[in-house]
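**Student:** no sequence on this one, just coordinates:
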């Protein structure tokens, strides 16, 4: 008998894993490319944050299997992650990291 | 009853209690790394003396990032091999995952050493303190992951890692991928957004 509990869903195939890896590598190359292209500097921060968020989501959904697994695991991970993001923004706000330059 | 069946711990939700506990642990780790990243961001640009973040080596760290992403791929391939009972490939993928983890750690040792030679230490300035604590904590997590992977690889070499142990490998994989996603954030926030 496998250790897998009831309710477990099938994991992706090796082909899906390879395609996700290819997308992750392409996104990393774009990130580094954007960093070196001066034309992107006005939108550097939002661009990099979006690319990073996409990479983060791909790994969590496909490699950590949250896309196929129980919603309860998504709650166990997503709840603290949301709290962590709110805490980071709150601390940065409190310590003046968002003060606008005049 | 087979030993693996006896080892299964189901909860009232029908989910394995070890997997559930591990997801809760990963959730708590999110808060740990969020506090370290927040501290880095809050003190960013407030160092009174150099060296400043412009000493960060982006091409070198990009290779380290690629290395860690590939190790995550090896990890899922190792899990897939264990799930189909293919011990030969499970051994190969587990070893490659650990090896790529060790390459990452070697890169971090090289990076830290070169920074110390340039005068950046934990006590030098706010950048040094927050940078070394954040990336050092991540490196400590990678070290734990490599030891865990080598333990699984050793079990596989002795033929003690079969289909019945797929969940054990999956939980190790959850840890390893978490370490990877933390690095995805650190690479962007610390290295690319200067």
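**Tutor:** Arrived safely, thanks for sending. In this text, all values refer to a predicted model and were calculated from it rather than measured experimentally. Numbers count the residues shown, from 1 in each chain, chains lettered A, B, ... in the order given.
**Student:** helix or strand with the lowest mean pLDDT in chain B?
**Tutor:** helix B:3-7 (a mean of 48; mean pLDDT, DSSP states H and E).
**Student:** beyond that one, next helix or strand please.
**Tutor:** Past helix B:3-7, further along toward the C-terminus, the next helix or strand under DSSP states H and E is helix B:17-42.
**Student:** and that following helix, what does it pack onto?
**Tutor:** Contacts defined by 3 or more CB pairs under 8 Å, 6 or more residues apart in numbering or on different chains; DSSP states H and E place helix B:17-42 against helix A:71-94, helix B:126-157, helix B:166-186. Using the backbone N, CA and C atoms, a C-beta is placed for each residue, glycine as well.
**Student:** will you turn those into CSV that also has mean neighbour count?
**Tutor:** Shown next, in CSV, are the helices and strands packed on helix B:17-42 (neighbours: other CB atoms under 10 Å in any protein chain shown):
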stretch, mean neighbour count
helix A:71-94, 16
helix B:126-157, 18
helix B:166-186, 23
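**Student:** could you list the low-pLDDT ranges of the chain?
**Tutor:** Just going to use chain A. Scanning chain A for pLDDT under 70 picks out A:1-9, A:99-102.
**Student:** meant chain B, my bad for not saying
**Tutor:** B:1-8.
**Student:** repeat the analysis, applying 50 as the threshold.
**Tutor:** For chain B, the stretches with pLDDT under 50 are B:1-6.
**Student:** looking at the helices and strands packed on helix B:17-42, which is closest to residue A:19?
**Tutor:** helix B:166-186 (16.4 Å; CB to CB).
**Student:** so does the closest one get close to chain A?
**Tutor:** Yes. Helix B:166-186 is in contact with chain A by CB under 8 Å from any CB of the partner chain, via B:166-168, B:170, B:173-174, B:177-178, B:180-181, B:184-185.
**Student:** so which residue is dead centre in chain A?
**Tutor:** Geometric centre of chain A, nearest residue: residue A:56, 1.9 Å, by CA atoms, centre = their mean.
**Student:** host element of that residue?
**Tutor:** helix A:44-58.
**Student:** return the set of buried residues in that helix.
**Tutor:** A:44, A:47-48, A:51-52, A:55-56, A:58 (16 or more other CB atoms under 10 Å in any protein chain shown).
**Student:** out of the residues you listed, which is nearest to chain B?
**Tutor:** Nearest to chain B among the buried residues of helix A:44-58, counting by CB to the nearest CB, is residue A:52 at 3.9 Å.
**Student:** contacts only, for the closest one.
**Tutor:** By CB atoms under 8 Å, 6 or more residues apart in numbering or on different chains, residue A:52 lies in contact with A:31, B:184-185, B:187-189.
**Student:** which SS class is residue A:97?
**Tutor:** coil (DSSP: H, G, I helix; E, B strand; the rest coil).
**Student:** related to what we said a few turns ago, what's near enough to touch the residue nearest to the centre of chain A?
**Tutor:** So residue A:56 contacts B:181, B:184-185 (CB under 8 Å, 6+ apart).
**Student:** how about 10 Å then?
**Tutor:** A:81, B:180-182, B:184-185, B:188 (CB atoms under 10 Å, 6 or more residues apart in numbering or on different chains).
**Student:** also residue B:97?
**Tutor:** Neighbours of residue B:97 in contact, by CB under 10 Å, 6+ apart: B:70-79, B:145-146, B:149-150, B:152-153, B:172-173, B:176.
**Student:** so the helix holding residue A:56 versus helix B:166-186, what angle?
**Tutor:** Relative orientation of helix A:44-58 versus helix B:166-186 (axes from the mean of the first three to the mean of the last three CA atoms, to 10 degrees): 180 degrees.
**Student:** next one: helix A:44-58 to chain centre, how far?
**Tutor:** 7 Å (CA atoms, centre = their mean, to the nearest Å).
**Student:** what does stretch B:16-25 give?
**Tutor:** With CA atoms, centre = their mean, you get 18 Å for stretch B:16-25.
**Student:** mind listing what's buried along that stretch?
**Tutor:** For stretch B:16-25, a neighbour-count test (16+ other CB under 10 Å) marks B:16, B:18-20, B:22-23 as buried.
**Student:** which residues touch residue 49?
**Tutor:** No chain specified, so I'll use chain A. B:185, B:188-189, B:192-193.
**Student:** actually it's chain B I care about, not the one you picked
**Tutor:** Counted by CB under 10 Å, 6+ apart, residue B:49 has contacts B:119, B:124-128.
**Student:** list just the nearest of these to residue B:9.
**Tutor:** For the contacts of residue B:49, the nearest to residue B:9 is residue B:128 (44.4 Å; CB to CB).
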